[in-house]
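Engineer: prediction below, plus the sequence it came from.
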Amino acid sequence: MNIHEYQAKEILKKYNVPVPQGYPAFSVDEAVEAAKKLPTEVCVVKAQIHAGGRGKGGGVKIAKTKAEVKDLAEQILGMNLVTHQTGPQGKVVHKLLVEQGVDIARELYLGMVLDRGSSQFVMMASTEGGVEIEKVAAETPDKILKVWIDPGVGLQPFQARQLAFGLGMEGKQVGKAVKFMMALYKAFMANDCSLAEINPLVVTGDGDVLALDAKINFDDSALYRHPEITELRDLDEEDPLEVEASKYNLNYIKLDGNVGCMVNGAGLAMGTMDIIKLAGGEPANFLDVGGGANVETVRNGFKIILGDPNVKAILINIFGGIVRCDRVAQGVIEAVKTIDVNVPVVVRLEGTNAKEASVLLKESGMDFIVASTIEDAAEKVVGAIK
Amino acid sequence: MSVLLNKNTKVLVQGITGSEGSFHAGQMLEYNTQLVAGVTPGKGGQTFNGSVPVFNTVREAVAATGANASVIFVPPPFAADAIMEAAEAGLELIVCITEGIPAGDMVSVYDYLKDKNTHLVGPNCPGVISPGIGKMGIMPAFIHKEGHVGVISRSGTLTYEAVGQLTARGIGQSTCIGIGGDPVIGTRFIDALKLFNEDDDTHAVVMIGEIGGTAEEEAAEWIKENFKKPVVGFIAGQTAPPGRRMGHAGAIISGGQGTARDKMAVMEAAGIHVCKSPADIGKTMESVLKK
């Protein structure tokens, strides 16, 4: 799960990670009020969307005086912000963060993430702050310092010192950076984060160490024990169909194509998307209806897929193992009876009782296109569009 | 023969009295798996299916029945604890089916298992089946056939698809291992490949990966140097967008890493027979075996 920068900074503050003073604002008036509370005349107005690259896209502006905040807030609120992470369609800005100006001496990078190779969390630091860390990793990987965290004892101060000295810090800065890293580690672990990025981590003219930006993602599997974090979810930032699907506990991701697909199991769902593409079509979505695939899940799956106006045909691909194919077929027939399905539906059921299932589908009196193999199904669904 | 699960494997089921656990324990019995015990804290003294004794702790179950392997059907908040309990009791093989265990919990489990003599398979996996011998998991047994192809996969139903294609061509399997779709798992591709390398009855391997992480790339490098048998591979998620979690917690392209294209290229360079289409896995294995 993603949250906004202002929410991430509120969490970090609770764990004594130093952040600039700032306030969220949902309207121009609130932005003006927020600026009044700040200690500096120079203020920063930052668009709050779930995507990086906001500065380049014109979503982060500096007000030389508090009086300028009104104009900037008017410009940014409601704008359609396009960055390399939003895609060409962009995202509408509904929220702002208004922050104090900061005297920046150095811009650094600090991050923490799960390292799958070692099955440990890793803290990373780099002198190349303010730019995309993926770029640094690809072009100059030796500029990223890493320490792996022993799950038994957690991050140790000596590891934080290694990073701080590695970043070229001196004197009192080292102690401040170590404190910062230990606090970030604590916040990360206490909230079951999957990613934390402070980019840039800045050293101010006075030698303070501060999180100028903050990005936090959470492990979805651990949200059950963090109800307060679940509440931070911003539905404005998600695709409406994906929000709808999550209400039905369906795993749905909207894509750009026109072949809707409904599959049981995540791997087979991806494989089905792949074979649609190989057959000359474009998948409209990823949808895993899970092991059960009963009338209810199939009906909800249809509703979600048909909610996407681009969909011109639907492929249902179920490998019935424990779940019997004739039951799934019954579910598909019942579901289609109760909702208006106005596009061709190709059904491929394989596994337990597959033959009985295809008889049921053929005798249902409905226009299902029954396919035998996954390849046959992909060809038929792509053919149904042309 | 087979790997991991053989004639000497005596299985216990943790969470045997739950709805998932009891259903699949029944299926395992039906497949003549040596299921000797169940464990559910607080339900000790009951019997499952009229014949399988249920114990409060794994240690008790091991002492009374000589069980040496466990299948775990425990809900996510308690699953990490269940894995560690099984490892502490000295079980050689632990298969964890549970989906949705927090990654932080699994980091601790992985660390805990380092000095234990245990093979953990999963979590978030369909389990392990050695056709004709037994099954520890949720896969439909009837699609399998005894034979000489090993299967290693991060997926569930996509594995069934591949196994179905093999069986339809008369190609049987030695052991099929679902290693799981999570970012932190016990047995990785390389661990499973090492087992198949040593197993004389496995003549070739199907390896089914997916987007996310670099386990397939590492396995491909290892295969190039060490693996003596032909490998057929497939990577799911060639059309998956970056930055989105495709169902499995581990199936995500992040920071440009973990794309299907990269994985397929490295696998091909290592001499693996990579299929572009999931429909070609059986076909490709058939032609590889004829060579």
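Structural biologist: Happy to help now that I have it.
Engineer: please tell me how far A:Asn294 sits from chain B.
Structural biologist: The gap separating A:Asn294 from chain B is 15 Å, by C-beta to the nearest C-beta, to the nearest Å. For glycine as for every other residue, the C-beta is placed from the backbone atoms N, C-alpha and C.
Engineer: what does A:Pro18 give?
Structural biologist: Distance, A:Pro18 to chain B, using C-beta to the nearest C-beta: 25 Å.
Engineer: OK, contacts around that residue?
Structural biologist: A:180, A:208-211 (C-beta atoms under 8 Å, 6 or more residues apart in numbering or on different chains).
Engineer: out of those, the closest to chain B would be?
Structural biologist: Minimum distance to chain B across the contacts of A:Pro18 is 20.2 Å, recorded for A:Ala211 (C-beta to the nearest C-beta).
Engineer: and the helices in chain A?
Structural biologist: Taking DSSP state H, the helices of chain A run over residues A:5-14, A:28-36, A:69-76, A:133-139, A:157-166, A:172-190, A:227-230, A:240-247, A:266-278, A:295-306, A:325-338, A:354-363, A:374-385.
Engineer: how about the stretch 101-250 of chain B?
Structural biologist: B:103-113, B:157-168, B:189-198, B:215-226 (DSSP state H, counting those that start in this stretch).
Engineer: pick the most deeply packed of those.
Structural biologist: Comparing those on average neighbours per residue, with mean count of other C-beta atoms under 10 Å in any protein chain shown, the densest one is helix B:157-168 at a mean of 25.
Engineer: and it, how far out from the chain's middle?
Structural biologist: 15 Å (C-alpha atoms, centre = their mean, to the nearest Å).
Engineer: now swap in stretch A:220-227 and tell me
Structural biologist: For stretch A:220-227, the distance to the chain centre is 16 Å (C-alpha atoms, centre = their mean).
Engineer: how about residues contacting that stretch?
Structural biologist: Taking C-beta under 8 Å, 6+ apart as the rule, stretch A:220-227 contacts A:1, A:191-192, A:218, A:229-230, B:76-77, B:100-105, B:245, B:249.
Engineer: okay, buried residues for it please.
Structural biologist: Neighbour counts over stretch A:220-227 (16 or more other C-beta atoms under 10 Å in any protein chain shown) mark A:220-223, A:226 as buried.
Engineer: list just the nearest of the residues you listed to chain B.
Structural biologist: Looking across those and measuring by C-beta to the nearest C-beta, the closest to chain B is A:Ala222, at 3.6 Å.
Engineer: can you pull the pLDDT of the closest one?
Structural biologist: We have a pLDDT of 97 for A:Ala222.
Engineer: follow-up on the earlier one: just the buried ones among the contacts of stretch A:220-227, please.
Structural biologist: Taking 16+ other C-beta under 10 Å as the criterion, what is buried in the contacts of stretch A:220-227 is A:1, A:191-192, A:218, A:229, B:76-77, B:100-105, B:245, B:249.
Engineer: looking at those, which has the smallest pLDDT value?
Structural biologist: Minimum confidence in those sits at B:Ala249, scoring 86.
Engineer: what about the nearest residue to that residue once chain neighbours are set aside, how many residues close to it?
Structural biologist: In space, and not counting its chain neighbours, B:Ala249 is closest to B:Asp182: 5.0 Å by C-beta to C-beta, 6 or more residues apart in numbering or on different chains. B:Asp182: 26 surrounding residues under other C-beta atoms under 10 Å in any protein chain shown.
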